[in-house]
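> sequence first, then the predicted structure:
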Amino acid sequence: MAAKKPFALRLDEKMMKEVEKWAADEFRSTNGQLEWIVREALKKSGRLGKSTSTDKD
């Protein structure tokens, strides 16, 4: 598994609360949910390389 790179992300309070709720609904951490959202967007756009597509959902 590749090392994860820390990254600061600024979201407005309302959006963050919605992400936290969504994460709880999916039994994921907030960070895990954000990773999942980005991974799904990359897959949908065809930009996800094969080396990172094996990450667990």
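That came through, no problem. Numbering: from 1, shown residues only.

> mind checking which helix or strand the residue nearest in space to the middle of the chain is in?
The residue lying closest to the centre of the chain (Cα atoms, centre = their mean) is residue 35, at 1.6 Å. Assessed by DSSP states H and E, residue 35 sits inside helix 30-45.

> pull out the buried residues from that helix.
33, 34, 36, 39 (16 or more other Cβ atoms under 10 Å). In short, each C-beta sits where N, CA and C put it, glycine included.

> do the same with stretch 4-21
residue 19.

> circling back: could you report the distance from the residue nearest to the centre of the chain to residue 28?
9 Å (Cβ to Cβ, to the nearest Å).

> where does this structure dip in pLDDT?
1, 51-57 (pLDDT under 70).

> I figured residue 11 was touching residue 18, is that so?
No - the pair residue 11 / residue 18 is not scored as a contact, 9.2 Å apart, by Cβ atoms under 8 Å.

> quick check: closest non-adjacent residue to residue 29.
Leaving out its chain neighbours, the residue that sits closest to residue 29 by Cβ to Cβ, 6 or more residues apart in numbering is residue 23, at 6.2 Å.
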